[in-house]
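J.: What shape does this take:
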Amino acid sequence: MAMLLGVATGILIPAISDWVAPMGIIFIKIIKMLAIPMIFFSIANGILQLSNNGSMQRIALKTLALFLGSMLILSTSTLIFSQLFTDNWGYQSVLPSYFKPEPELPGLPDITAKVIPDNPIAAIMHGEVMATVFFASLIAIGIRASGEKGKPMVEFLESSTIVVNQIISAVMKLAPLGIFAMTADNITNTNLTLASELISLVGITWLITILIMVVGFSLVLKSMKLSARAFFRKMLAPQIMALTTGSSTATLPVNMTVTENHLGVSRPISQFVLSLGSVINMNGLTINLTIIAVFSAQIFNLDLSLMDYLFIIVISTVSAIAAAGIPGAFLLSVTLLLESLGIPLMAIAIIAAVDRLFEMTGTALNITGDCLTAVIVAKSENELDEETYIR
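T.: Okay, here's the model as predicted:
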């Protein structure tokens, strides 16, 4: 209701959006402020609880395999769909004769520097999500290896998780105000006069996203003998939050609540899978990056070979994993992709006009994929309460 009211306000009374915009900024800043503590304590506490029954390694491997596999499959599927839905996008310019593609994949030192910080406290203070996950995992492993002497730390982490969750529950009561303000501001300040190529690009991306989410995810749930209707009905609240904020981490509190209380996933699996998923499981971003690569190549009259398509799949997956689940990461990932393919970065100026539309549906698919993964893992571990799921 708040989102619809925001749309109406942005269209009919745009002057009000400037007055209410600060409410949306305050709301998202508070959520971002709590995101790092929530991820740290959820990852550490989830690992400790899962290690109690000896299933930690198995669950971690299942989760990572599902995340990576889904992104590779979605990138490949998007390439196929993009060829079916369009022949070309305009060819608006010709590549200069002096231009030579020079792919530059991120090197191992760049990746390790982002994951393994020199100073973990500084990394946490600066909101470096992947470094936070790595450090939290090491802390949990160290506590478990300490045996009896590590028990005070176990209790501290459990208590801290409860405290952070209570704060988040209080903040989420402000969600309708924040959603209303952000929606009104976005509608007022969005340029709705788009070129036909951009309208086609956004429309095809949304169509592919909806097809994968509704048809693909439903088939996965059906194969596990679970109701797709029940799943999507309960995912409505997190998806609205994702559409409004464009942030996987901002949607994490709602996602955890729905996964644990309404989908019947056990808390340890929910905390581990969803916290990790908010960092590395970027299904929506993978789709967006893949189709943008095809679009950008075509507007610069670049012919893509089979090897180019394989390269797009790889770099889209790598870029998506490296992106933090926060607004703004989308254009950074697009930059990495275009540089790696040797496409002029002036394409970003074209894409930037509709980046918000990509982030909205991309984030919705991200958080839905996280929940689906949590359900799959919980079902395989007999940690899914199916009575709660169908209720």
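
J.: rest of the way, CA atoms for contacts and neighbours
T.: Fine.

J.: number of nearby residues for residue 361?
T.: If you count neighbours by other C-alpha atoms under 10 Å, residue 361 ends up with 22.

J.: Now do the contacts for the residue lying closest to it once chain neighbours are set aside.
T.: Excluding its sequence neighbours, the residue lying closest to residue 361 (C-alpha to C-alpha, 6 or more residues apart in numbering) is residue 243, at 6.2 Å. By C-alpha atoms under 8 Å, 6 or more residues apart in numbering, residue 243 lies in contact with 359, 360, 361, 363, 364.

J.: try residue 125
T.: Residue 125 neighbours (C-alpha under 8 Å, 6+ apart): none.

J.: before we move on, back to that, now do the residue nearest to residue 361 against residue 112, distance only.
T.: 31 Å (C-alpha to C-alpha, to the nearest Å).

J.: For whichever helix or strand residue 231 is part of, name the packing helices and strands.
T.: According to DSSP states H and E, residue 231 maps onto helix 228-234. In terms of contacts (3 or more C-alpha pairs under 8 Å, 6 or more residues apart in numbering; DSSP states H and E), helix 228-234 is packed against helix 217-223, helix 386-390.

J.: Buried residues, the shortest one. List them.
T.: I take that to be helix 386-390. 386, 389, 390 (16 or more other C-alpha atoms under 10 Å).

J.: With the longest one instead?
T.: Going by neighbour count (16+ other C-alpha under 10 Å), the buried part of helix 217-223 is 217, 218, 221.

J.: worst-scoring helix or strand of this protein, pLDDT-wise?
T.: helix 108-115 (a mean of 63; mean pLDDT, DSSP states H and E).

J.: Going by neighbour count, which residues in the next helix-or-strand element following that helix are buried?
T.: As assigned by DSSP H and E, the chain's next helix or strand after helix 108-115 is helix 120-125. Residues of helix 120-125 classed as buried by neighbour count (16+ other C-alpha under 10 Å): 120, 123, 124.

J.: Find the nearest non-adjacent residue to the last one, please.
T.: The reference is to residue 124. Once flanking residues are discounted, residue 124 sits nearest to residue 132: 5.7 Å by C-alpha to C-alpha, 6+ apart.

J.: Buried residues in the host helix or strand of the residue nearest to residue 361, which are they?
T.: Per DSSP H and E, residue 243 falls inside helix 236-245. Buried residues in helix 236-245, counted by 16+ other C-alpha under 10 Å: 238, 239, 240, 241, 242, 243, 244, 245.

J.: low-confidence ranges in the stretch 201-350 of the chain?
T.: For the stretch 201-350 of the chain, the stretches with pLDDT under 70 are 303-304, 315-316, 318-333, 335-336, 339-340, 345-346, 348-350.

J.: correction: the stretch 1-150 of the chain
T.: Looking at the stretch 1-150 of the chain by pLDDT under 70, you get 50-55, 85-111, 113-114, 129.

J.: could you pull out the helices for it?
T.: 2-12, 14-52, 56-85, 108-115, 120-125, 129-145 (DSSP state H, counting those that start in this stretch).

J.: tell me the angle the last one makes with helix 14-52.
T.: For helix 129-145 against helix 14-52, the angle by axes from the mean of the first three to the mean of the last three C-alpha atoms, to 10 degrees is 30 degrees.

J.: Tell me the helix or strand right after helix 129-145.
T.: Next element after helix 129-145 (DSSP H and E): helix 151-171.

J.: about what we covered before: can I get the helices and strands packed on helix 228-234 in TSV including distance to residue 36?
T.: What follows is the helices and strands packed on helix 228-234, written out as TSV (distance: least, C-alpha to C-alpha, whole Å):
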stretch	distance to residue 36
helix 217-223	29
helix 386-390	29
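
J.: looking at the ones you listed, which is closest to residue 6?
T.: When the helices and strands packed on helix 228-234 are compared for distance to residue 6 using C-alpha to C-alpha, the nearest one is helix 217-223, at 29.9 Å.
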